[in-house]
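*Asks:* Pasting a predicted model and its sequence here:
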Amino acid sequence: LQAAAALARAGRSVAYVSGEEAADQVRLRARRLGLGDAPVQLASATSVRDILTTLRQGRGPDLLVIDSIQTMHSDMIEGAPGTVSQVRASAQELIRFAKKGGTALILVGHVTKDGTIAGPRVLEHMVDTVLSFEGERSHQYRILRAIKNRFGGTDEIGVFAMAEEGLTEVGNPSALFLTERDERIAGAAVFPALEGTRPVLVEIQALAVRLASGATPRRAVVGWDSGRLAMILAVLEARCGLSFSACEVYLNVAGGYRLQDPAADLAVAGALISALSERPVPKDAVLLGEIALSGEVRPVAHAALRLRESAKLGFSRALLPAASAKQAAGLTTSGFARLADLVDHMLGRD
């Protein structure tokens, strides 16, 4: 709706057809977002024949938004709206109209619980671009990701924040996931994650609580894989001599961000070492590297890109695999071939 209003204000002809809400409901939402004065043509309809007949009576719009394709119904085929045959037939008619009249067409679609488009897979092949919004309801940020794009790459993302006035662009996504770093705090480490080709710096927080002898320690993880945490704890004990067996361990990725990148291993290990020893990680440092069961610290993909973004955001040091040390242009680097070397460095034993 915000994109449609922006194009309408720029002089484009825009039609917004809702199959789920009445036109007055869409209008109320537009007013709440401060878009009430945008000259968008609103309609509430589910019949594809009625929609196309109305649009053909005049000059076709520059942009047509259908919200959503699962509510559309074509009388050329039997079946209830939302069925595979109806979604396919409705999309075909709308795409044919858009191609013939030179109209840009946006089909809003439902998604399943696992994030895939509901309905036939052929729908993805019929369109030029497939975009998806990702994000948790409890967090303010949304990531716009391209799954298919005939006009460019699919490895770029857009990051938006959900505010009262709608979605607003986030120019520096790292600001969402980094806490204030005026003071050095034990158990916090910064990791340059990668979304497509866009680096996003996130803060990994660890807490180690010593228990009385005989108590069973807990392991709690938010935003990361609990199995990978168990592996790193085992490597720290077996290869580096650090024991967490008498400690409860809590790990959190700040801002509700979810990490799946094995390059975060070294940052997690750094946060754990810092939490156990009560020695803060330098606040101007980032950590990245994959940890093997042997205790080896392995290089990661796109290290130069991650480090370049870190330097732009004011970080001046990098703790990383020894094999990647030469890629850190503009940063002071400390390279480690083994995890034990990082432990010695952080505990002042090197």
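*Replies:* It's in.

*Asks:* The top helix by length along the chain packs against which elements?
*Replies:* As assigned by DSSP state H, the longest helix anywhere in the chain is helix 84-101. Here helix 84-101 touches helix 48-56, strand 63-67, strand 104-108, helix 122-126, going by 3 or more CB pairs under 8 Å, 6 or more residues apart in numbering; DSSP states H and E. Yep, even glycine has a C-beta here, placed from its N, CA and C like the rest.

*Asks:* and the angle for the longest one with strand 63-67?
*Replies:* Think helix 48-56. Put simply, helix 48-56 runs at 160 degrees to strand 63-67, going by axes from the mean of the first three to the mean of the last three CA atoms, to 10 degrees.

*Asks:* For helix 48-56, buried residues please.
*Replies:* Burial within helix 48-56, assessed by neighbour count using 16 or more other CB atoms under 10 Å, is assigned to Val48, Ile51, Leu52, Leu55.

*Asks:* do the third one as well
*Replies:* Judged by neighbour count using 16+ other CB under 10 Å, the buried positions of strand 104-108 are Leu105, Ile106, Leu107.

*Asks:* residue ranges for the helices of this protein, please.
*Replies:* 2-9, 23-32, 48-56, 84-101, 122-126, 174-177, 226-240, 265-277, 303-312, 339-346.

*Asks:* List of residues touching the fourth one?
*Replies:* It stands for helix 84-101. 48, 51-52, 55-56, 60, 64, 66, 69-70, 72-74, 76-80, 103-105, 107, 119-120, 122-123, 126-127 (CB atoms under 8 Å, 6 or more residues apart in numbering).

*Asks:* Over to the last one?
*Replies:* By CB under 8 Å, 6+ apart, the surrounding residues in contact with helix 339-346 are 235-236, 239-242, 266, 269-270, 273-274, 277, 279, 281, 291, 295-297, 319, 334, 336, 349-350.

*Asks:* Repeat that for the second one.
*Replies:* Contact with helix 23-32 is made by Leu1, Ala5, Tyr16, Ser18, Gly36, Ala38, Val40, Leu42, Ala43, Ser44, as judged by CB under 8 Å, 6+ apart.

*Asks:* Measure how that helix sits relative to strand 63-67, angle-wise.
*Replies:* Using the same axes, to 10 degrees: helix 23-32 against strand 63-67 is 110 degrees.

*Asks:* gap between Ala30 and Gln2?
*Replies:* Distance of Ala30 to Gln2, computed by CB to CB, to the nearest Å: 9 Å.

*Asks:* Report the contact partners of Gly36.
*Replies:* Per CB under 8 Å, 6+ apart, neighbours of Gly36: Arg27, Ala30.

*Asks:* same thing but 6 Å
*Replies:* Ala30 (CB atoms under 6 Å, 6 or more residues apart in numbering).

*Asks:* And for the one 10 residues further on?
*Replies:* Under the criterion of CB under 6 Å, 6+ apart, the neighbours of Thr46 are Gly19, Thr71, Met72, His73.

*Asks:* Read off the pLDDT value for it.
*Replies:* Listed pLDDT for Thr46 reads 94.

*Asks:* For the closest residue to it other than its chain neighbours, what are phi and psi?
*Replies:* Among residues not flanking Thr46 along the chain, Gly19 sits closest, at 4.5 Å (CB to CB, 6 or more residues apart in numbering). Torsion angles at Gly19 (phi, psi; degrees, to the nearest 10) stand at phi -100, psi 0.

*Asks:* I'd like to know how far Gly19 sits from Phe151.
*Replies:* Distance from Gly19 to Phe151, by CB to CB: 27 Å.

*Asks:* Nothing else from me, thank you.
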